[in-house]
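# Model the structure of this input:
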Amino acid sequence: MAFITVSGQVVSFADYQDVLDIDQRLFDTNEIQFSNTPRSPTSLNEYLEDLAMKSTTRIKEKIRASAQWRMYTSRVGNNVGTNALPEFNTNYVKLRQADFTDLTVYYLLKEFLLPKIADFGNPNSPEVQKIEFYDTKFSQRLDELLTIIDWYDNDGDGTIGEGEREIRFRPLRRSRGRHNTARIA
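Sure, this is the predicted structure:
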């Protein structure tokens, strides 16, 4: 679970071993082939790390495009124009790094690896169900990370201060049901 850095810049939240840790079976049964890629990698390790970098880039853009990220950056003082996406620096992810690693692996599996072997004509095929499973896990984890932004060092000083955290809870309120409801604002 190590971020991959190149010239001091984080380019991937996951590496080869992280992908194997999540779903080793895909590689043990030789379901995944890497020989038919546009730029032929020299090993499965290189192929998976290339896909992890691609996944990290797409996750970064998903975060930048989210409404929660825009609200967070405006609250902490990053003035961004109406037509510009707030910047997201991968080097500033200081906490919950395991969550970002899992997020990257889920995205890699659901978008790049499993579609290569899935039988989309059969919605009950195990690969299609795995894609749906990883898609659900990815969406839930991304929503969680964007709802509670306690992992980002906005000013880049190496620590996350109180003003850089986006954790707000609405007070408990009475609903028509039997239980009080706590909401995350």
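# Residue 5 belongs to a helix?
No: residue state for residue 5 (DSSP: H, G, I helix; E, B strand; the rest coil) corresponds to strand; a helix is not indicated.
# Identify the residue nearest it in space, chain neighbours excluded?
Nearest residue to residue 5, sequence neighbours excluded (C-beta to C-beta, 6 or more residues apart in numbering): residue 11, at 6.7 Å. From N, CA and C alone the C-beta is placed, and that goes for glycine too.
# list the contacts for that neighbour?
Residues in contact with residue 11, defined by C-beta atoms under 8 Å, 6 or more residues apart in numbering, are 4, 5, 53, 56, 90.
# Could you pick out the buried ones from these?
Among the contacts of residue 11, those scoring as buried are 4, 53, 56, 90 (criterion: 16 or more other C-beta atoms under 10 Å).
# Roughly how far does the third one sit from residue 105?
Spelled out, it's residue 56. Going from residue 56 to residue 105 by C-beta to C-beta, to the nearest Å gives 11 Å.
# ok but residue 157 is inside a helix, no?
No: secondary structure of residue 157 (three-state DSSP): coil, not part of a helix.
# re earlier: would you list the contacts of residue 11 in a markdown table and tack on pLDDT and distance to residue 96?
Shown next, in a markdown table, are those (pLDDT from 0 to 100; distance: C-beta to C-beta, whole Å):
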| residue | pLDDT | distance to residue 96 |
| --- | --- | --- |
| 4 | 89 | 17 |
| 5 | 87 | 18 |
| 53 | 95 | 20 |
| 56 | 96 | 15 |
| 90 | 94 | 13 |
